[in-house]
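Undergrad: this one's structure only:
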């Protein structure tokens, strides 16, 4: 009997369930968006129960679409928006508060207080991460401090904390409280060397360790899927945070290989092998993956908060476009950006600048600039931010980028891909299977149950779809990039770092 692997991809804006065959090709997919909740400026939330309801619905939908049954599925993997935080009741499974999304900045003041005299680097040696609103630990602390009775219940052992993978797995399996090393490495609570929770940091952060899930590898059988209406059970056998999953799906399995995912934000990961590389240039040291009992593989990561979300903003907030796919035709109505730059520092600036005081600007406006120029400037902002990250990676690793593998929703935009190649002066390659995030989680699950025998099977499955070659001359490249840097400097100092974002 031919079997397949299912992948649950719970992302920032939607939930998907995809099914892959042995060649890594998509057999079926179902997808549903969920509500983005903005209670106050800088606050971003999701309803955890909506995320779980949509997950159940998409599992059933993709099986119905493909005509497959649970017997046809060898295993299921999970990939997820990583730092988004949920706290729920251990007995009832009910969340005590909405999920606080990775983009949320309400913990800015808390992070400053936690840093104290040591500043944002207080926990970097142990965790590989700066103290930032980005990560999960401060978000969980905020919930304990601000939801009535939450701290007392947590200290009594009544509450669970988890990133979205833990929340989905808990519901899929009827109560298993686990996470994998990649998601744990994004909490600011895990020691990146020992791969265990750091009790000293948990104490400093005010997080009872009884809340925390057990940390496991990225590829092993955790338990059986126990969703009503789906029988027999399917083993859940892989978990990877979304960007690590995309790295795995892109077959960046050797030291020095890198990928860039273009989604709500942009996330560039460079495989650094089995030794964590400490960044001196604003990058994150993170776990890339861990297969069963094998040693963990690490990565340097550059995280850009807003790329695809800028296109959504042009659509939803300004009404310049009717749908995301309209951005490219509009951008192509002009030859260049007309001197305009958009720096989308809606939640501050992430890597490599880490400026929580920054806010978005549109710079270089003249009467000449029209909506076509703004559309082009929005696309170009993604490429400029990627170059910043790559320059930081080069400085940390000493590795010169010879080409860039790309994936994610924005890579269908050929104007963006050409400009990315131009501004980097390297080839940019898109794979045949663009949905590498879901594919990576499928690979992790499939390896755990022997569906794929080794990493070599994954390398053989990867195939090129299209490559863009640079065609911009050096003076123009540097002129444009200098303009970008001037625009970014205009974003600094727009909020007081001691200002309470929850006020």
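TA: Structure received. Everything numeric here is computed off the predicted structure, so don't read it as measured data. Numbers count the residues shown, from 1 in each chain.
Undergrad: neighbours of residue 262, just the number please.
TA: Neighbour count for residue 262, taken as other C-beta atoms under 10 Å: 26. Where C-beta positions appear, they are placed from N, C-alpha and C, glycine not excepted.
Undergrad: hang on, I meant residue 430
TA: Neighbour number of residue 430 under other C-beta under 10 Å is 19.
Undergrad: and if you look at the one 3 residues further on?
TA: Counted by other C-beta under 10 Å, the residues lying close to residue 433 total 20.
Undergrad: report the secondary structure state of it.
TA: Three-state assignment for residue 433 (DSSP: H, G, I helix; E, B strand; the rest coil): coil.
Undergrad: dump the residue contacts of it.
TA: Residues in contact with residue 433, defined by C-beta atoms under 8 Å, 6 or more residues apart in numbering, are 24, 25, 26, 249, 439, 463.
Undergrad: mind checking how far it is from residue 271?
TA: In this view, residue 433 and residue 271 are 19 Å apart by C-beta to C-beta, to the nearest Å.
Undergrad: what of residue 440?
TA: Residue 440 sits 13 Å away from residue 271, going by C-beta to C-beta.
Undergrad: need the overlap of contacts for those two.
TA: Common contacts of residue 440 and residue 271 (C-beta under 8 Å, 6+ apart): residue 247.
Undergrad: okay, these two: which has more neighbours?
TA: residue 440 (33 against 20).
Undergrad: where exactly do the helices run in the stretch 151-300 of the chain?
TA: For the stretch 151-300 of the chain, the helices defined by DSSP state H, counting those that start in this stretch occupy 164-173, 181-184, 199-205, 242-249.
Undergrad: what pLDDT does the model give residue 228?
TA: pLDDT for residue 228: 62.
Undergrad: residue 390 now?
TA: For residue 390, the predicted pLDDT is 90.
Undergrad: quick one: residue 330 and residue 373 touch, right?
TA: No: look at residue 330 against residue 373 with C-beta atoms under 8 Å: they stay out of range, at 9.7 Å.
Undergrad: of the two, who's got more company?
TA: Per other C-beta under 10 Å, whichever of residue 330 and residue 373 has more neighbours is residue 373, with 24 against 20.
Undergrad: quick one: the more buried one is in a strand?
TA: No: assigned with three-state DSSP, residue 373 falls outside any strand and is helix.
Undergrad: before we move on, back to that, overlap of the contact sets of residue 330 and residue 373?
TA: Residues touching both residue 330 and residue 373 (C-beta under 8 Å, 6+ apart): none.
Undergrad: what's the burial count for residue 329?
TA: When neighbours are defined as other C-beta under 10 Å, residue 329 has 12 of them.
Undergrad: find the nearest non-adjacent residue to residue 309, please.
TA: Spatial nearest neighbour of residue 309, chain neighbours left out: residue 264 (4.8 Å); criterion: C-beta to C-beta, 6 or more residues apart in numbering.
Undergrad: which ones are touching that neighbour?
TA: Neighbours of residue 264 in contact, by C-beta under 8 Å, 6+ apart: 11, 12, 13, 103, 306, 307, 308, 309, 312.
Undergrad: got it, and residue 328?
TA: By C-beta under 8 Å, 6+ apart, the contact set of residue 328 is 379, 413, 414, 415, 416.
Undergrad: please repeat the previous calculation with a cut-off of 7 Å.
TA: 413, 415 (C-beta atoms under 7 Å, 6 or more residues apart in numbering).
Undergrad: likewise the one 4 residues further on?
TA: With contacts defined as C-beta under 7 Å, 6+ apart, residue 332 is in contact with residue 415.
Undergrad: residue 255 reaches residue 273, doesn't it?
TA: Yes: under the criterion of C-beta atoms under 7 Å, residue 255 makes contact with residue 273 at 3.9 Å.
Undergrad: between the two, which is the more surrounded one?
TA: Taking neighbours as other C-beta under 10 Å, residue 255 and residue 273 compare with residue 255 leading, 17 against 14.
Undergrad: measure stretch 220-239 end to end?
TA: 9 Å (C-alpha to C-alpha, to the nearest Å).
Undergrad: circling back: hmm, which two among the contacts of residue 264 are most spread apart?
TA: Spatially, the most separated pair among the contacts of residue 264 is 11 and 306, at 15.2 Å (C-beta to C-beta).
Undergrad: out of these two, which sits in the more crowded spot?
TA: Remark: of residue 11 and residue 306, residue 306 carries more neighbours, 26 against 22, as counted by other C-beta under 10 Å.
Undergrad: and the gap between that one and residue 348?
TA: For residue 306, the distance to residue 348 (C-beta to C-beta) stands at 10 Å.
Undergrad: same deal with residue 164?
TA: Applying C-beta to C-beta to residue 164 and residue 348 gives a distance of 22 Å.
Undergrad: of the two, which one has the most company?
TA: residue 164 (33 against 25).
Undergrad: ranges for the strands of the stretch 51-200 of the chain?
TA: 73-80, 85-89, 99-100, 159-163, 178-180 (DSSP state E, counting those that start in this stretch).
Undergrad: the third one packs against which elements?
TA: The reference is to strand 99-100. Under the contact criterion of 3 or more C-beta pairs under 7 Å, 6 or more residues apart in numbering; DSSP states H and E, strand 99-100 touches strand 45-46, strand 85-89.
Undergrad: out of these, which one sits most buried?
TA: Across those, the average number of neighbours (mean count of other C-beta atoms under 10 Å) peaks for strand 85-89, which reaches a mean of 24.
Undergrad: measure the closest residue to residue 142 other than its chain neighbours to residue 328 for me?
TA: The shortest distance from residue 142 to any non-neighbouring residue, by C-beta to C-beta, 6+ apart, is to residue 107 (5.3 Å). Distance of residue 107 to residue 328, computed by C-beta to C-beta: 36 Å.
Undergrad: how about residue 40?
TA: On the measure of C-beta to C-beta, residue 40 and residue 328 end up 33 Å apart.
Undergrad: what do you get for residue 251?
TA: Using C-beta to C-beta, residue 251 is found at 28 Å from residue 328.
Undergrad: any idea how the protein splits into domains?
TA: Using the TED database, the domains assigned to the chain come out as 4-242, 308-387+476-490.
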